[in-house]
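A.B. asks: Below are the sequence and a predicted model; questions follow.
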Amino acid sequence: MKTKMDYSKEYKINEIFYSIQGEGRNTGLPAIFIRFSGCNLNCKYCDTNHEYFNIYTGIQLVNKIFTFSKKYNTKNIIFTGGEPMLQLDEGLIKHLKEKDYYLCIETNGTIHNQSVIQNIDWLTISPKSLDIAVLPALLYTNNELKLIFDTLLPEEIKKLGSWKHLYLQPKHNNKDGNYIENTT
Ligand code: SF4
């Protein structure tokens with residue numbers, strides 16, 4: 001049965017903007033960025049203001065995407081956050097794929113939603129913990145792993161499996177030893 005988009009579903013959106021992807025394999029890709037508000041983690045270095053958001057219904061969100069797409073002449077979309085997997089759903093993703101959008105998701109990798117993942121074009125996992133037990137996304141995809149690099153040893157990185165695209169990103173470090181907290 002065809003999954004229909006829920007036009008009245010409400011999404012918490014921090015911001016929508018047009019820019020050029022500056023990280024990872026898709027560096028240089030012009031895209032519409034959809035930054036969702038809210039996350040299941042609480043990293044101390046997080047730069048997203050989760051208190052600020054606008055509510056978009058499904059129809060408002062797709063209309064905004066269509067407007068940006070026309071204005072900036074791109075069909076590339078990057079869903080980021082916050083944690084986009086808390087809000088993305090199969091109906092929205094399939095609706096945009098039917099309109100030929102190229103869909104990317106940037107996720108912390110802790111939320112498994114196969115119906116979303118199997119219908120997108122590019123997945124970037126940026127884990128905030130090396131605990132493999134809290135990284136279900138690692139088990140079913142291998143598009144791109146982006147590690148915020150602190151003091152990882154090569155053996156620890158190898159434990160995360162075989163990745164075609166692996167990027168290390170430096171992190172500021174105040175050595176207080178507690179960067180992350182699960183809020184669920
Ligand atoms: S996973 Fe990302 S969005 Fe979530 S709290 Fe950490 S840095 Fe912020």
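C.D. replies: Nice, I can see it.
A.B. asks: Need the three-state assignment for residue 148.
C.D. replies: Following DSSP: H, G, I helix; E, B strand; the rest coil, the label given to residue 148 is strand.
A.B. asks: what's around it, how many residues?
C.D. replies: 17 (other CB atoms under 10 Å). For every residue, glycine as well, the C-beta is placed using N, CA and C.
A.B. asks: Tell me if I'm right that it and residue 126 touch.
C.D. replies: Yes: using CB atoms under 8 Å, residue 148 is in contact with residue 126, at 6.8 Å.
A.B. asks: Quick check: longest strand in this structure by residues?
C.D. replies: Taking DSSP state E as the criterion, the chain has its longest strand at strand 10-20.
A.B. asks: quick check: mean pLDDT across that one?
C.D. replies: Averaging pLDDT along strand 10-20 gives 97.
A.B. asks: quick one, what contacts the closest residue to residue 166 other than its chain neighbours?
C.D. replies: Distances taken as CB to CB, 6 or more residues apart in numbering put residue 145 closest to residue 166, at 5.1 Å, once the chain neighbours are dropped. By CB atoms under 8 Å, 6 or more residues apart in numbering, the residues touching residue 145 are 124, 125, 126, 127, 138, 160, 163, 165, 166, 167.
A.B. asks: Helix, strand or coil: sort out the last one for me.
C.D. replies: Looking back up the chat, that one is residue 167. With three-state DSSP as the criterion, residue 167 reads strand.
A.B. asks: wait, it sits on residue 148?
C.D. replies: No: Residue 167 is beyond contact range of residue 148, at 9.8 Å (criterion: CB under 8 Å).
A.B. asks: Can you pull the phi/psi pair for residue 124?
C.D. replies: In terms of degrees, to the nearest 10, the main-chain angles of residue 124 are phi -110, psi 120.
A.B. asks: who does it bridge with?
C.D. replies: With DSSP bridges as the criterion, residue 124 is bridged to residue 106, residue 144.
A.B. asks: What parts of this protein come near the ligand?
C.D. replies: Counting by CB under 6 Å from any ligand atom, the chain comes close to the ligand at 39, 41, 42, 43, 46, 48, 81, 82, 83, 108, 128.
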